[in-house]
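> Any chance you could fold what I've pasted below:
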Amino acid sequence: MKDLFLRHIAQTSTEPLMLEVERGEGIYLFDKAGKRYIDLISGIAVSNVGHAAPEVVAAIKRQAEVYIHSMVYGEHIQEVQVLFAQKLTELLPDSLSVVYFLNSGGEAVEGALKVSKRFTGRKKLLSCHRSYHGSTHGALSVTGMSWLKEGYGPLLPEVEFIEYNHWPSIEKITEEHAAFIIEPIQAASGIRLPDSGYLAAIRKRCDETGTLLIFDEIQSGFGRTGKFCALHHEGVTPDILLLAKSLGGGMPLGAFITRPEIIRIIQQDPVLGHITTFGGHPVCCAAGMAALDKILNEGLMEAIPAKEALVRRILKHPAIKAIRGRGLMLGLELESYEQVLEVWKVAHEKGLLLIWHLDAGEVIRIAPPLTITEAELTTALATLLEAIDEVYQPTNA
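Presented below is the predicted three-dimensional model:
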């Protein structure tokens, strides 16, 4: 199977992880040999309710038995889609009342950028250095990692970047910008939190200039920080909110959520201003609804602060330079990417799935399923410490 994988599946790196997955259950993945791995990364912020959650599987089966597809997005009334949108908006500020479902985070970014330009009549976009918003042309254009764009130009014109958490740069938001897209918690750069009041200052400046504010919560949303979205920690409401990854309970689903007057502009001049065939797929919406119900009914968000505290209490080691983040969206900073790579190899052998951050190779991602118990988390962290200890070489040794 590995030979067939390398021959017929497009590779995105020269050294794929090559774990041959047999099945998933809760916080665990199992390989073909039956070896069990603790998933400490949730498939990169996707499996918030664990692998093969019975509630999600049952919802998928129920919907698939009724109908799988009926019509392109926004034409037929699909009850599961409508009810999921209603439940999502009930958890958000009142102004975020209309949901446009898509297939992925990248598509959510694309839709938000298009709508922002159309609504404001402006062409310029603003983003942050070291941000990550996706790999499609528009999303890559507003991604603040120049190395990731090499060989793919020209991308969207008139995109500008400022430093995250650099307060004087807020003044660079002007009346020429259609939108400013920002992650309330920068993820791929190694989990960077906003300074207190920083997002509120951005909101104020966007109001002054008529610039739409887009929050990319594709990784930080759906309960991962201990609240439904990171915006709830800051008390700041964007004009457009982006969700994806965990939104579908493991199924492919993304969304941008906004005010009625903003989204209304895609209805005419031209008609069908933004369309998708499979966005808001009923089976995916059923899975997402079941996942959200599980998070709410089992109090998974309320349990996160204690789990974060457990991580910070247990992960004490001379090799650890910092633990950054909020809730179960944490970054563990070591000395170097080379050290992280060695820790990853040892941890993998011990049955622990880890990964580093895209633009911060020295930072290990700590983002287990929200369903992880404190006992399971303690076991996972003990294994991680064992791996770090085996790799760690004191500089004065």
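
> tell me the secondary structure for residue 242?
Following DSSP: H, G, I helix; E, B strand; the rest coil, we place residue 242 in the strand state.

> start at 32 instead
With 32 as the first residue, the last one maps to residue 273.

> Quick check: beta-bridge partners of it?
Note on residue 273: beta-bridge partners by DSSP bridges are residue 247, residue 287.

> Next one: it relative to residue 173, how far apart?
The gap separating residue 273 from residue 173 is 11 Å, by Cβ to Cβ, to the nearest Å. C-beta coordinates here come from the backbone N, C-alpha and C atoms, glycine included.

> For those two, list the residues in contact with both.
residue 140 (Cβ atoms under 8 Å, 6 or more residues apart in numbering).

> need the strands for the stretch 82-231 of the chain, in chain order.
129-133, 155-159, 190-193, 208-213 (DSSP state E, counting those that start in this stretch).

> out of these, nearest to residue 307?
Proximity to residue 307 (Cβ to Cβ) singles out strand 129-133 among the strands of the stretch 82-231 of the chain, at 5.6 Å.

> Could you report the distance from the residue nearest the centre of the chain to residue 357?
Geometric centre of the chain, nearest residue: residue 250, 1.7 Å, by Cα atoms, centre = their mean. In this view, residue 250 and residue 357 are 12 Å apart by Cβ to Cβ.

> got any residues that touch both of the two?
Common contacts of residue 250 and residue 357 (Cβ under 8 Å, 6+ apart): residue 216.

> on that earlier part again, look up the pLDDT of the residue nearest to the centre of the chain for me, please.
pLDDT for residue 250: 97.

> Surely it and residue 360 touch.
Yes - counting by Cβ atoms under 8 Å, residue 360 is a contact partner of residue 250 at 6.9 Å.

> between these two, what contacts are shared?
76, 216, 218.

> if we take the residues you listed, which one ends up nearest to residue 227?
Among the shared contacts of residue 250 and residue 360, and counting by Cβ to Cβ, the member closest to residue 227 is residue 216, at 13.5 Å.

> and the closest residue to the closest one other than its chain neighbours, how many residues sit next to it?
Ranked by Cβ to Cβ, 6 or more residues apart in numbering and with sequence neighbours excluded, the top spatial neighbour of residue 216 is residue 251, at 4.6 Å. Each residue near residue 251 was counted by other Cβ atoms under 10 Å, and the total is 28.

> What is the neighbour count of the closest residue in space to residue 335 that isn't next to it in sequence?
With Cβ to Cβ, 6+ apart as the criterion, residue 335 has its nearest non-adjacent residue at 3.8 Å, and that residue is residue 257. Residue 257 is flanked by 22 other residues according to other Cβ under 10 Å.

> these two touch, right, residue 257 and residue 357?
Yes - assessed by Cβ under 8 Å, residue 257 is found in contact with residue 357 at 7.0 Å.

> Identify the contacts common to the two.
Counting by Cβ under 8 Å, 6+ apart, the shared contacts of residue 257 and residue 357 are residue 339.

> How is this protein divided into domains?
Domain segmentation of the chain under automatic domain parsing yields 33-83+331-422, 86-328.

> Is the closest residue to residue 145 other than its chain neighbours in a helix, a strand, or coil?
Nearest in space to residue 145, with sequence neighbours left out and distances taken as Cβ to Cβ, 6+ apart, is residue 305 at 5.8 Å. Following three-state DSSP, we place residue 305 in the coil state.

> Could I get the contacting residues of residue 305?
131, 142, 145, 146, 297.

> could you dump the residues you listed to TSV with neighbour count and pLDDT?
Shown next, in TSV, are these (neighbours: other Cβ atoms under 10 Å; pLDDT from 0 to 100):
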residue	neighbour count	pLDDT
131	24	97
142	27	97
145	17	97
146	26	97
297	20	92
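
> Look at residue 300 and report its pLDDT.
Looking at residue 300, the pLDDT reads 86.

> Then it would be within a helix, right?
No - according to three-state DSSP, residue 300 belongs to no helix; its state is coil.

> residues near residue 414, how many?
Neighbour tally, residue 414, other Cβ under 10 Å: 18.

> For it, give me its contacts.
69, 378, 381, 382, 383.

> I'd say residue 247 and residue 137 touch.
No - between residue 247 and residue 137 there is no contact under Cβ under 8 Å: 10.8 Å.

> the more surrounded of these two?
Ranked by neighbour count (other Cβ under 10 Å), residue 247 and residue 137 place residue 247 first, with 34 against 21.

> Distance-wise, check that one relative to residue 143.
Distance from residue 247 to residue 143, by Cβ to Cβ: 9 Å.

> what residues do these two have in common as contacts?
The contact sets of residue 247 and residue 143 overlap at 212, 273 (Cβ under 8 Å, 6+ apart).

> re earlier: quickly list what's touching both of residue 247 and residue 137.
Listed contacts common to residue 247 and residue 137 are residue 164; contacts here mean Cβ under 8 Å, 6+ apart.

> looking at this, the residue nearest to residue 216 is in a strand?
No - assessed with three-state DSSP, residue 251 is coil; it does not lie in a strand.

> Show me the shaky parts of the stretch 232-381 of the chain.
Scanning the stretch 232-381 of the chain for pLDDT under 70 picks out no residues.

> one more time with 90
For the stretch 232-381 of the chain, applying pLDDT under 90 flags the ranges 299-304.

> what about the helices in the stretch 82-231 of the chain?
Remark: helices assigned in the stretch 82-231 of the chain by DSSP state H, counting those that start in this stretch are 85-97, 110-121, 136-151, 168-172, 229-240.

> Go through those and name the closest to residue 288.
The closest of those to residue 288 is helix 110-121. By Cβ to Cβ, the value is 6.9 Å.

> hang on, isn't residue 84 packed against residue 323?
No - using Cβ under 8 Å as the test, residue 84 is too far from residue 323 to be in contact (11.5 Å).

> shared neighbours, these two?
Residues within reach of residue 84 and of residue 323 at once, by Cβ under 8 Å, 6+ apart, are residue 280.

> what residue ranges in the stretch 82-231 of the chain are flagged as low confidence?
Counting by pLDDT under 90, the ranges of the stretch 82-231 of the chain that qualify are 103-105.

> Export the strands of the stretch 82-231 of the chain to TSV and append columns for distance to residue 34.
Formatted as TSV, the strands of the stretch 82-231 of the chain follow (distance: least, Cβ to Cβ, whole Å):
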stretch	distance to residue 34
strand 129-133	35
strand 155-159	41
strand 190-193	42
strand 208-213	41
